[in-house]
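>>> Give me a model of this one.
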Amino acid sequence: MFDDHFEKTFRRLSSPFFSMGEVFETPNETVQTFGPYYYGYVKTVGEDGIPHVTEWGNTKPTGSLSDSTVRDPYVDVSVNDKDHTLKIVSEMPGIEKSDIKLNVSDKLVLVSAQHGERKYEKKIPLPSKVDENSAKAKYTNGVLEITLSMAKEKPKGKLVTIE
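The predicted structure is shown next:
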């Protein structure tokens with residue numbers, strides 16, 4: 001099951017790269033030649049054994065190159081169960097700390113930044129609820145690090161006394 005799922009995902013993500021030469025061989029179409037264009041994906045295997053694929057970049061695989069003025073930064077989310085913290089690391093080179101806007105809700109982080117021609121934007125879904133007031137962020141050498149405390153789970157339901 002794992003191998004089949006991985007094989008399907010790999011074929012879907014890599015097939016546009018094998019046909020990329022066709023874009024440059026069609027002289028009748030106008031092809032945009034400025035960039036940079038970048039695309040990547042990260043494959044991880046969760047604790048449950050199910051593979052997860054996260055795509056990133058300012059272009060997505062298609063039959064032709066497309067222009068995107070907003071870049072999709074590479075983002076890594078890690079959970080530290082021992083300290084009950086969640087850490088988000090995002091690569092956004094070429095901007096200043098004052099250019100970054102960060103919005104944290106209990107299950108989502110929105111990161112956006114603009115400096116001159118460089119624009120970044122990413123909605124980051126969180127694996128668990130976090131305490132918005134615990135958010136701490138620092139930006140050094142093009143890398144944004146956000147640290148959040150995970151919200152304490154309150155038991156659902158109501159305790160009923162028996163008469």
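
>>> which one's the longest strand in this protein?
strand 130-140 (DSSP state E).

>>> Lowest average confidence across helices and strands of this structure, where is it?
Per-element confidence for the chain was summarised using mean pLDDT, DSSP states H and E. The lowest value among helices and strands belongs to helix 21-25, with a mean of 52.

>>> average pLDDT for the helix or strand following that helix?
Once the chain leaves helix 21-25, the next helix or strand it forms, by DSSP states H and E, is strand 39-45. Looking at strand 39-45 alone, the average pLDDT works out to 78.

>>> helices or strands up against the following helix or strand past strand 39-45?
Tracing the chain C-terminally past strand 39-45 and defining elements by DSSP H and E, one meets strand 51-57 next. Strand 51-57 sits against helix 2-18, strand 39-45, with contacts defined as 3 or more CB pairs under 8 Å, 6 or more residues apart in numbering; DSSP states H and E. Where C-beta positions appear, they are placed from N, C-alpha and C, glycine not excepted.

>>> What score does the nearest residue to residue 41 once chain neighbours are set aside have for pLDDT?
Nearest-residue entry for residue 41: residue 55, 4.8 Å, with adjacent residues in sequence omitted and distances by CB to CB, 6 or more residues apart in numbering. Listed pLDDT for residue 55 reads 77.

>>> so where's this structure shaky on pLDDT?
Residues of the chain that meet the criterion pLDDT under 70 lie in 1-2, 16-38, 58-68.

>>> before we move on, back to that, mind putting the helices and strands packed on strand 51-57 in CSV, mean neighbour count and distance to residue 111 included?
Compiled in CSV, the helices and strands packed on strand 51-57 are given as follows (neighbours: other CB atoms under 10 Å; distance: least, CB to CB, whole Å):
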stretch, mean neighbour count, distance to residue 111
helix 2-18, 11, 24
strand 39-45, 12, 17
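
>>> TSV please, covering these and showing distance to residue 154.
What follows is the helices and strands packed on strand 51-57, written out as TSV (distance: least, CB to CB, whole Å):
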stretch	distance to residue 154
helix 2-18	35
strand 39-45	29
